[in-house]
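1. I'd like to go over a predicted model; first the sequence, then the structure.
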Amino acid sequence: MEFSVKSGTPEKQRSGCLVAGVFESRKLSDEAAQIDEVSNGALASILRRGDLDGKLGQTLLLHNLPNLPSERVLLVGCGKEKEFNDARYREVTTRAVSALKDTGASEVTSYLTELDIKGRDIAWKVRQAVEVTEAALYRFEQMKSKPGNSRRALKRVILAVPKRSDLGTGERAIREAQAISAGVKLARDLGNLPGNVCTPTYLADQAVELGKRFNLTVTVLDEEQMRSLGMGALLSVSRGSRQPPKFIILDYRGGKDGDAPIALVGKGLTFDAGGISIKPAANMDEMKYDMCGGASVLGTMQAVAELKLPLNVIGLVPSSENLPDGNANKPGDIVKSMSGQTIEVLNTDAEGRLILCDALTYAERYKPVAVVDIATLTGACVVALGHHASGLMSNNDQLARELLAAGKYTYDRAWQLPLWDEYQKQLDSNFADMANVGGRDGGAITAASFLARYTKNFKWAHLDIAGTAWKTGREKGATGRPVPLLTQYLINQTEHVDDEPAA
Ligand code: BES
Ligand code: MN
Ligand code: ZN
């Protein structure tokens, strides 16, 4: 989709369709009122007939209004004006896009960006408009034998900004939003691909392709190289699979040579059957999404490279399958991680932490300023937070605050859970340095507590995206989260990089 910004009032635009908001009950937004005025009260009289009273998400498409140069007007219900907020802005934008998809308009001009939202400026509204539009138009049809019949005339979206002086800000917002949207799309596509296509080798190949298209150095370690590094925890998981594991390294150098990088570590488990501690059959297909953390690292690296952020960023994606097999991990097996710490595998389904702990140890060699891991790690996190917030746990409060803020800004929100020492004893093992499970209670936290034993040497945060990386049910599919949060976090790092004293 092509996006641009424009300033100027709606009654003068010559557009395929103008989009304007109406609040409850039948209260025209300023821009709808301008359209009404030039068309001699046509909008008001249509609304009086009762076709739209402004309830959230209602839409009404009108043609050929008198004196209006534009062909169509799409009115969108915005609910009560006083209650209008971030979420509702996203909702009305989504509704407008789905209504527009079914029209013949190839180019539209939206005035929804001029609606007032408390605490949000034009940059935010443009960013969200682009991201929400791209997300609403997303389809995954790669695996259908015939292309879908989603006829789409819509080619160009013009977003209105209040003043000419807002155009520069608006253009920058579009650029950021498009890079994030492309990263989200990459993460969604990889997530939606089935386990028989999206194997560790496939993920690694995609990373190599990404490296060719953007300015990224991509290295893939094979099983032998992982063995020499002593990644015994990771390899214990892949032992039960016929697909060879891959350790994917993406290196982006947009910052100064000596600048320590930020490292992103994503769980790339391309299918999680649970191993010998096998999962129940119902919905097991959804465990193809167990690589969404890794996919979000690829998506974020792409966005960072596209935006040419002045930062150094490392992406690490340990990738494996987790299947039952004669050679698979067995409950009670003890494995040795790259850190030297030994682990009693009491449940082979707690494999994410086994592949991540070695990746986190590997991250140390970069002397990173911060490490963020992203993983569909626990069902317990979904029980705790549902599907709206990712779980955030960190050994550093400032890092946690920065990630929470980035999530809030992008509406890709996270919620912090405690990571207190008291939880550690749930991981005690009679036979090894630790067990890989800590019982049912506080399952998201004990999983993070396990990882905390491998991240003592740097600032670290863990995002459990088990509830947010994909949707189930009728709308089943990957969401691309938390690419917006991560990219925003990195954008924000570039903004105060200069005023930090040299180390
Ligand atoms: N990939 C799963 C986590 C998961 C489960 C995400 C369901 C989304 C929905 C992970 O590898 C796993 O199986 N975790 C176990 C841990 C348990 C054995 C301590 C879980 O959550 O049940
Ligand atoms: Mn598992
Ligand atoms: Zn898993």
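-> Received it, and whenever you're ready, just let me know what you need. Ligands and ions are numbered 1, 2, ... in the order given.
2. anything in the top helix by length along the chain near ligand 1?
-> For the chain, the helix with the greatest residue count under DSSP state H is helix 167-192. No: Helix 167-192 lies apart from ligand 1 when judged by Cβ under 6 Å from any ligand atom; the minimum separation is 12.3 Å. All C-beta atoms are positioned from the backbone trio N, CA, C, and that covers glycine.
3. could you give the mean pLDDT of that helix?
-> Average pLDDT, helix 167-192: 98.
4. Let me know the next secondary structure element after that helix.
-> helix 200-213 (DSSP states H and E).
5. What is that next one packed up against?
-> Counting contacts by 3 or more Cβ pairs under 8 Å, 6 or more residues apart in numbering; DSSP states H and E, helix 200-213 packs against helix 167-192, strand 217-221, strand 246-253, strand 268-272, helix 292-306, strand 312-322.
6. Would you convert the ones you listed into CSV that also reports mean neighbour count?
-> CSV is the format used below for those (neighbours: other Cβ atoms under 10 Å):
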stretch, mean neighbour count
helix 167-192, 22
strand 217-221, 17
strand 246-253, 23
strand 268-272, 28
helix 292-306, 30
strand 312-322, 28
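7. so which of the ones you listed comes closest to ligand 3?
-> Closest to ligand 3 of those, according to Cβ to the ion: strand 268-272, at 3.7 Å.
8. can the helices and strands packed on helix 200-213 go into JSON lines with extra columns for distance to Leu47?
-> Formatted as JSON lines, the helices and strands packed on helix 200-213 follow (distance: least, Cβ to Cβ, whole Å):
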{"stretch": "helix 167-192", "distance to Leu47": "30"}
{"stretch": "strand 217-221", "distance to Leu47": "56"}
{"stretch": "strand 246-253", "distance to Leu47": "52"}
{"stretch": "strand 268-272", "distance to Leu47": "52"}
{"stretch": "helix 292-306", "distance to Leu47": "41"}
{"stretch": "strand 312-322", "distance to Leu47": "51"}
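9. Of all these, which one is nearest ligand 2?
-> Nearest of those (Cβ to the ion): strand 268-272, 4.4 Å.
10. how far does stretch 39-57 sit from the chain's center?
-> 37 Å (Cα atoms, centre = their mean, to the nearest Å).
11. That one: end-to-end distance?
-> For stretch 39-57, the first-to-last residue distance is 24 Å (Cα to Cα, to the nearest Å).
12. Name the residues that touch that stretch?
-> Residues outside stretch 39-57 that contact it (Cβ atoms under 8 Å, 6 or more residues apart in numbering) are 22-28, 32, 35-36, 58-60, 62, 65-68, 73, 75-79, 88, 91-92, 95.
13. Just the mean pLDDT for that stretch, thanks.
-> Mean per-residue pLDDT for stretch 39-57: 96.
14. Can we start the residue count at 190 from this point?
-> Sure, I'll start numbering at 190, so the last one becomes stretch 228-246.
15. Sort out which residues of stretch 238-250 are buried, please.
-> Burial within stretch 238-250, assessed by neighbour count using 16 or more other Cβ atoms under 10 Å, is assigned to Leu241, Gly243, Leu245, Gly246, Gln247, Thr248, Leu249.
16. ok, of those, which one's closest to Arg203?
-> Lowest distance from Arg203 to the buried residues of stretch 238-250 (Cβ to Cβ) belongs to Leu249, with 21.2 Å.
17. correct me, but the closest one touches Arg261?
-> No: applying Cβ atoms under 8 Å, one finds Leu249 not in contact with Arg261, separated by 10.7 Å.
18. mind listing the strands for the stretch 190-339 of the chain?
-> 191-196, 206-213, 216-217, 248-252, 261-269, 296-299 (DSSP state E, counting those that start in this stretch).
19. What about Arg670? Give its phi and psi, please.
-> Main-chain dihedrals, Arg670, degrees, to the nearest 10: phi -80, psi 150.
20. Mind pulling the model confidence for it?
-> With respect to pLDDT, Arg670 scores 99.
21. what's the answer for Gly421, then?
-> 99.
22. Can you give me every residue that contacts it?
-> Contacts for Gly421 (Cβ under 8 Å, 6+ apart) come out as Val524, Lys525, Ser526, Met527, Asp547.
23. which of the residues you listed has the most neighbours?
-> Neighbour counts for those (other Cβ atoms under 10 Å) peak at Asp547, which has 27 neighbours.
24. how about stretch 643-652: buried residues?
-> Residues of stretch 643-652 classed as buried by neighbour count (16+ other Cβ under 10 Å): Tyr643, Thr644, Phe647, Lys648, Trp649, Ala650, His651, Leu652.
25. got a list of contacts for that stretch?
-> Stretch 643-652 has contacts (Cβ under 8 Å, 6+ apart) with 482, 526, 528, 530, 545-546, 549-550, 552-553, 556-564, 566, 579-585, 587-589, 592, 603, 637, 640-641, 671, 674.
26. circling back: of the contacts of Gly421, which is the nearest to Gln613?
-> Of the contacts of Gly421, the one sitting nearest to Gln613 (Cβ to Cβ) turns out to be Ser526, at 16.3 Å.
27. What separation is there between that closest one and Asp411?
-> To Asp411, Ser526 is 19 Å away according to Cβ to Cβ, to the nearest Å.
28. now Ser466
-> Going from Ser466 to Asp411 by Cβ to Cβ gives 27 Å.
29. Which one's more surrounded, those two?
-> Ser466 (20 against 13).
30. The more buried one contacts Asp522, correct?
-> No: in this structure, Ser466 is not within contact of Asp522 by Cβ under 8 Å, at 11.3 Å.
31. can you list residues touching both of those two?
-> Overlap of the contact sets of Ser466 and Asp522 (by Cβ under 8 Å, 6+ apart) is empty.
32. Name the residue of the stretch 190-339 of the chain that lies nearest to ligand 3.
-> Distances between the stretch 190-339 of the chain and ligand 3 by Cβ to the ion are smallest at Phe329, namely 21.6 Å.
33. Excluding sequence neighbours, find me the nearest residue to that residue.
-> In space, and not counting its chain neighbours, Phe329 is closest to Asn381: 4.5 Å by Cβ to Cβ, 6 or more residues apart in numbering.
34. Met190 reaches Ala324, doesn't it?
-> No: between Met190 and Ala324 there is no contact under Cβ under 8 Å: 11.2 Å.
35. More neighbours: which of those two?
-> Ala324 (19 against 14).
36. Could you find the closest non-adjacent residue to the more buried one?
-> Nearest non-adjacent residue to Ala324, counting by Cβ to Cβ, 6+ apart: Val373, 6.8 Å away.
37. how about stretch 655-671, does it get close to ligand 1?
-> Yes: judged by Cβ under 6 Å from any ligand atom, stretch 655-671 comes into contact with ligand 1 at Ala655.
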